[in-house]
Every structure is written in structure tokens, then in C-alpha cells.
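# model this:
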Amino acid sequence: MIGHLKGKITSKNPPEILIEVEGVGYEVLCPMSTFYALDNLTEDILLFTHLSIKEDAHTLFGFISKDEKNVFRELIRVNGVGPKVALAILSNLSVQSLVECISTEDADLLAKTPGIGKKTALKLIVELQDRLGKLELTGAIEKTRDLNQSSNPNSKQAIEALQSLGFKVKEANRMVSKIEDQGLSTEQIIRLALQNK
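Presented below is the predicted three-dimensional model:
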């Protein structure tokens, strides 16, 4: 496997770039987020890569961060999502947006990606919710998690309780996030959340 490439970009033709590594040119397909990040880089670049092998082709996919690569690998594990569709998803949504989208069960936003219908979006949400939580992502994801976690530890329990009452994750998060008093008990948060519904 080719884990990463370090070299100079000799040509760009979205979604493909040609990166020269010690005299060898590698054709690499990249999401648009990586393309934009490469715009202002003139020195050698480091791309994290994933090699996809099929009967008729060996295709390299490149990513500016390990997070992108890891999320890409999780996406292609979902039945019915190939590398091209995974690339389209990462071109349409940043890693942070995708993780938020999955955790809040926002199928409509996912379905805006070309090649993704509502059915596939729902399948992605179901299959990725647990897996993305277990992924060790760095960068913006950690900041997002910190922002989403209320400083009141009872908020998480309240959200779980609301889910057991039949509310969707997105709805339960929204209801609890409206409550500003951080010193409330779990029961008080649930009561207020149900009143504010």
C-alpha cells in the first residue's frame, strides 16, 4: 500500500492532480477540499493516500489530512458507496460538517451531494453514527465535540432520556441546547426541554 506521497504538484485537473515524487509522477484523485488547500502551496506537499485496486484499475486517492483519509475509508465501507461517491461527499462537505451531519441525523444535507439520494443518506447515517464516534479524529472535530457538549454533565443524560422517549438525536440536541441554565438536574432539563418543544 502507498500510505502517503511527498513531492511537487506538476499539474492539476480537478479532481485529479499529478504529483512528482523523485522523478515518478503519480495521478491522484482528491476531494475539492484538498484542492482548495493546495492552491497556496508552492513547496513540496504531503498527501495521505488510499490505494483502490479493482480488476481494471489501480486508483490513488489523496487527502490533505489524515482525518479526511480516515473518514473516506469509513465511507467506502458502507455498502453502495464507492470511492467516487465518497470523494463527492468529501468535496461537498468538510470532515467537520460531515461528522455534524451524521451526529445530528441531517439526511437532507447529505442528500444534496450529487449521487446521494435520501435512501443512501439515511443508510450512511445509520452505519456511520457509531463508527465516526470511535474514529480518532484530530483538528476541527475535537473543537466541534467540545462545543456540542454542554458544560452541564446532566445534559448528555437528558438527551439520552429524550431519545428513549422517541425523539431523534437532532431534535433532542436542539431541545436541550436551548436551555441556558447550567446548574439544572437531569429531570429539570428534561422537563424544560419538553416545555420548550
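# please count neighbours and contacts with C-alpha atoms only from this point.
OK.
# pull the longest helix from the protein.
helix 118-134 (DSSP state H).
# tell me the contacts of Leu109?
Residues in contact with Leu109, defined by C-alpha atoms under 8 Å, 6 or more residues apart in numbering, are Cys101.
# that one looks like it's in a strand, true?
No - with DSSP: H, G, I helix; E, B strand; the rest coil as the criterion, Leu109 is helix rather than part of a strand.
# circling back: so what does the longest helix of the chain touch, helix or strand wise?
Packing partners of helix 118-134 (3 or more C-alpha pairs under 8 Å, 6 or more residues apart in numbering; DSSP states H and E): helix 66-77, helix 95-103, helix 107-110.
# any chance you could map the helices in the protein?
Counting by DSSP H, one finds helices in the chain at the ranges 32-38, 66-77, 83-92, 95-103, 107-110, 118-134, 140-148, 154-164, 169-177, 186-196.
# in this structure, which ranges drop under the pLDDT threshold?
40-42, 138-152, 182, 197 (pLDDT under 70).
# that one - how does it break down into domains?
With domains defined by automatic domain parsing, the chain comprises 4-63, 66-145, 149-196.
# one step back: now render the helices and strands packed on helix 118-134 as JSON lines, adding distance to Lys168.
Listed next are the helices and strands packed on helix 118-134 as JSON lines, based on distance: least, C-alpha to C-alpha, whole Å:
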{"stretch": "helix 66-77", "distance to Lys168": "22"}
{"stretch": "helix 95-103", "distance to Lys168": "10"}
{"stretch": "helix 107-110", "distance to Lys168": "12"}
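# and of those, who's closest to Ile190?
helix 95-103 (20.1 Å; C-alpha to C-alpha).
# what are the contacting residues of that closest one?
67-68, 71, 90, 107, 109-110, 124-125, 128-129, 132, 140-141, 144, 169-170.
# do the same with stretch 54-69
4, 27-31, 34, 37-38, 46-53, 90, 95, 137-138.
# and Pro114, backbone torsions?
phi -60, psi 130 (degrees, to the nearest 10).
# give me the nearest residue to it, chain neighbours excluded.
Sequence neighbours aside, Ala88 is the residue nearest to Pro114 in space, at 6.9 Å (criterion: C-alpha to C-alpha, 6 or more residues apart in numbering).
# good, we can wrap up now.
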